[in-house]
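[1] just coords:
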Ligand SMILES: Nc1ncnc2c1ncn2[C@@H]1O[C@H](COP(=O)(O)OS(=O)(=O)O)[C@@H](OP(=O)(O)O)[C@H]1O
Ligand SMILES: Nc1ncnc2c1ncn2[C@@H]1O[C@H](COP(=O)(O)OP(=O)(O)O)[C@@H](O)[C@H]1O
């Protein structure tokens, strides 16, 4: 099969080689290797023509965008209308399916490139649904402990998860950020975007960060489809966290040696309407029992199977 496009995607072990005539490429496929995707036939995986690839989805996560220089305001349109505009080019040259450039924030002239293997395919492969479990609470409330216990239970059940821990991410991706509120907001925003990618990969992503501000958590929720952002509140009194003080940080904060420490001289806004509350002092509140409550929720909501 010869395709007149510059972009190709396949799975298994494709043999791609340049053709001498023009810019066409030849693709040889191995149909038996595609079975794991549950696709009816190999043609499902063969690349689309380039003009079909330019479907604009770039409005995701942004309230406003522009297409070919015309502004598209996300506030007064529902997602279907925005999709329509972005994919049909009604905001630009009507009826055209290509060349529709979008501007989001400081990113100008960008196009959404859609791949042939999608989230559903990945979820089938893993027999689970991608989602984000967002664990919020004071330092010392048990976020990391529960995150790891949860990941372990899921692993034992053959489910793929990945923990994004605030402390750990500040060793790399977020090491340029401080604890002032703007930097905490940027910290949460980045982790929210990364978590969204993991969920799109079909992974059960467990993010454990203090994430003290409701608006920042809500912004992460808004990045995901309804139901896929599961907010878990570690409801542990400050006094208990301070007694635990496993890193000695509360002591330093009380002594004035750390400024702007959450719960001491920086605010923590507890969630009001979140999915799961893990409360200190409840019966069954060991880390493993708390993690099992989350597993129960995932099971109930169908996240531990693809269909
Ligand atoms: N000022 C201040 N306030 C709160 N926490 C502090 C601070 N300075 C350092 N630490 C340590 O950083 C960990 C929290 O990082 P996060 O990325 O989760 O914080 S935030 O979500 O951006 O608020 C947090 O880890 P956890 O104890 O696991 O929550 C602390 O160990
Ligand atoms: N459910 C729990 N019950 C009792 N102690 C806990 C529980 N969860 C965590 N801990 C202990 O509390 C301390 C803080 O836990 P950690 O997971 O590091 O909290 P965070 O990530 O929120 O800072 C640790 O010493 C841990 O062993």
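    Cool, got the structure. What you see is a predicted model; the values in this text were computed from it and never measured. Ligands and ions are numbered 1, 2, ... in the order given.
[2] all contacts plus neighbour counts: C-alpha atoms, from now on.
    Will do.
[3] could you look up the SS state of residue 224?
    Classification of residue 224 by DSSP: H, G, I helix; E, B strand; the rest coil places it in coil.
[4] just checking, it touches residue 196?
    Yes. Using Cα atoms under 8 Å, residue 224 is in contact with residue 196, at 6.6 Å.
[5] quick one: common contacting residues for those two?
    Listed as contacting both residue 224 and residue 196 by Cα atoms under 8 Å, 6 or more residues apart in numbering is no residue at all.
[6] compare the two (neighbour count), which wins?
    A direct count of neighbours by other Cα atoms under 10 Å for residue 224 and residue 196 places residue 196 higher, at 24 against 21.
[7] report the secondary structure state of that one.
    Secondary structure, three-state DSSP: residue 196 is helix.
[8] the residue nearest to residue 214 when sequence neighbours are not counted: which element?
    Take residue 214 and drop its neighbours on the chain: the residue closest to it by Cα to Cα, 6 or more residues apart in numbering is residue 269, 6.1 Å away. Secondary structure from DSSP states H and E places residue 269 outside every helix and strand.
[9] can you map out the helices along the stretch 101-250 of the chain?
    With helices called from DSSP state H, counting those that start in this stretch, the stretch 101-250 of the chain shows them at 119-126, 143-156, 166-169, 181-200, 214-222, 238-244, 249-254.
[10] and ligand 2, which of the ones you listed is closest to it?
    Ligand 2 lies closest to helix 143-156 among those, at 3.6 Å (Cα to the nearest ligand atom).
[11] what comes into contact with the closest one?
    Outside helix 143-156, the residues within contact range by Cα under 8 Å, 6+ apart are 135-137, 160-163, 165, 206-209, 234, 287-288, 290-292, 294-295.
[12] show me which residues of this protein sit near ligand 1.
    139-140, 166-167, 179, 184, 187, 209-212, 260-262 (Cα under 6 Å from any ligand atom).
[13] let's see 8 Å
    With the criterion set to Cα under 8 Å from any ligand atom, the chain comes near ligand 1 through 136-144, 165-167, 169-170, 178-181, 183-185, 187-188, 208-212, 247, 249, 258-263, 266.
[14] can you turn the buried subset of the residues you listed into a selection I can paste into PyMOL?
    Selection of buried members from the residues of the chain next to ligand 1 for PyMOL, criterion 16 or more other Cα atoms under 10 Å:
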select buried, resi 136+137+138+139+140+141+142+143+144+165+166+184+185+187+188+208+209+210+211+212+249+261+262+263
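[15] alright, I will stop here.
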